[in-house]
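A.B. asks: Structure for the following, please:
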Amino acid sequence: MSESQTTLAVICKVLSESIAAGAFSAEGRLPSERALSEQFSTTRITLREALSQLEAQGLIYREVRRGWFVSPPRIVYNPLQRSHFHAMAKDQGRSAKTTVIDAKHCVASDTVCLKLLLPPESEVICIRRLRYIDNRAVLYVEHYLNPLYFQGILDEDLTTSLTDLYASRYDIHYGRVRFDMVPTLLTEEASHALRVASGSPALFITRINRDQHDRIIDCDLEYWRYDALHIDVEVN
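C.D. replies: Numbering: from 1, shown residues only. Here you go, the predicted structure:
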């Protein structure tokens, strides 16, 4: 093993043990790269390689212009359960928050029209939101709604659960749902919203929702931070 590889292994081991021992600040911020380089008497290049390895393991994450942080526990997500985001977090003893980036009528892309079974260049309602677990942004999502079923929804409080809003205002309840999950790289919009480097790894979930009458009512394009989610499914 070369000297640089030995140093790399030492850095990963020491930082992993420090993380397990809760040695960092209350907000989980690691020392600066300069301070860590001096601590381990190594170059920034070797240090960043070690940090990247720990990031790949989901132990730490980096925020643009803020530095490196210890990754909090992942949220457990079972797509077969119809619990909405806020309820899912609460059930796991976590706090959830949702902010709206923008909400408007727009002409849908061919891909979205196909998912909603609408003619090309149809107008839909687009709601872009950022969702937080314990004040950490973990999910950037684009909701595309068939406007036929949701007149006036842009006047509602869109920081709350859309599931609850559909039910209370429109008497629409989710029925069948189709999920598609693939690993991907964050888009520029998602990266900016989540405050991570463009092209960072993510889990991309497409969800096409039908209501109790089996009508396709909306589709969600979800970009999850790869270190924030644990998919757990049990089928009887």
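A.B. asks: switch to C-alpha atoms for all contacts and neighbour counts from now on
C.D. replies: Noted.
A.B. asks: What is the burial count for residue 177?
C.D. replies: Residues lying near residue 177 (other Cα atoms under 10 Å) number 16.
A.B. asks: typo on my end, it should be residue 171
C.D. replies: Using other Cα under 10 Å, residue 171 has 11 neighbouring residues.
A.B. asks: Show me this protein divided up by domain.
C.D. replies: Domain segmentation of the chain under the TED database yields 7-70, 75-231.
A.B. asks: Next, format the ones you listed as TSV and append mean pLDDT.
C.D. replies: Formatted as TSV, these follow (pLDDT from 0 to 100):
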stretch	mean pLDDT
domain 7-70	86
domain 75-231	94
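A.B. asks: Which residue ranges of the protein form strands?
C.D. replies: Assigned by DSSP state E, the chain shows strands spanning 60-63, 67-70, 75-77, 96-107, 123-133, 136-145, 174-185, 201-211, 216-225, 229-231.
A.B. asks: could the ones you listed be laid out in TSV, adding distance to residue 36?
C.D. replies: Shown next, in TSV, are these (distance: least, Cα to Cα, whole Å):
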stretch	distance to residue 36
strand 60-63	14
strand 67-70	11
strand 75-77	29
strand 96-107	32
strand 123-133	28
strand 136-145	24
strand 174-185	28
strand 201-211	24
strand 216-225	25
strand 229-231	28
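A.B. asks: what's the closest of the ones you listed to residue 31?
C.D. replies: strand 67-70 (7.8 Å; Cα to Cα).
A.B. asks: longest helix of this structure?
C.D. replies: helix 3-20 (DSSP state H).
A.B. asks: Need the residues that contact that one.
C.D. replies: 24, 40, 42, 46-47, 49-51, 53-54, 59, 70 (Cα atoms under 8 Å, 6 or more residues apart in numbering).
A.B. asks: from those residues, which would you call buried?
C.D. replies: 24, 42, 46-47, 50-51, 53-54, 59, 70 (16 or more other Cα atoms under 10 Å).
A.B. asks: Just these: which are in helices?
C.D. replies: 46-47, 50-51, 53-54.
A.B. asks: For my notes, please list the residues you listed in JSON lines and give distance to residue 179 for each entry.
C.D. replies: Listed next are those as JSON lines, based on distance: Cα to Cα, whole Å:
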{"residue": "46", "distance to residue 179": "40"}
{"residue": "47", "distance to residue 179": "39"}
{"residue": "50", "distance to residue 179": "35"}
{"residue": "51", "distance to residue 179": "33"}
{"residue": "53", "distance to residue 179": "30"}
{"residue": "54", "distance to residue 179": "30"}
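A.B. asks: Run a quick neighbour tally on the closest residue to residue 132 other than its chain neighbours.
C.D. replies: Nearest residue to residue 132 in three dimensions, chain neighbours excluded: residue 97, at 5.0 Å (Cα to Cα, 6 or more residues apart in numbering). Residues near residue 97, counting by other Cα under 10 Å, number 17.
A.B. asks: Now do the contacts for residue 97.
C.D. replies: 86, 131-135, 159.
A.B. asks: Let me know the closest of those residues to residue 209.
C.D. replies: residue 86 (18.3 Å).
A.B. asks: Would you mind confirming that that closest one is in contact with residue 159?
C.D. replies: No. Contact criterion Cα atoms under 8 Å: residue 86 and residue 159 do not qualify, at 10.4 Å.
A.B. asks: okay, these two: which has more neighbours?
C.D. replies: residue 86 (18 against 14).
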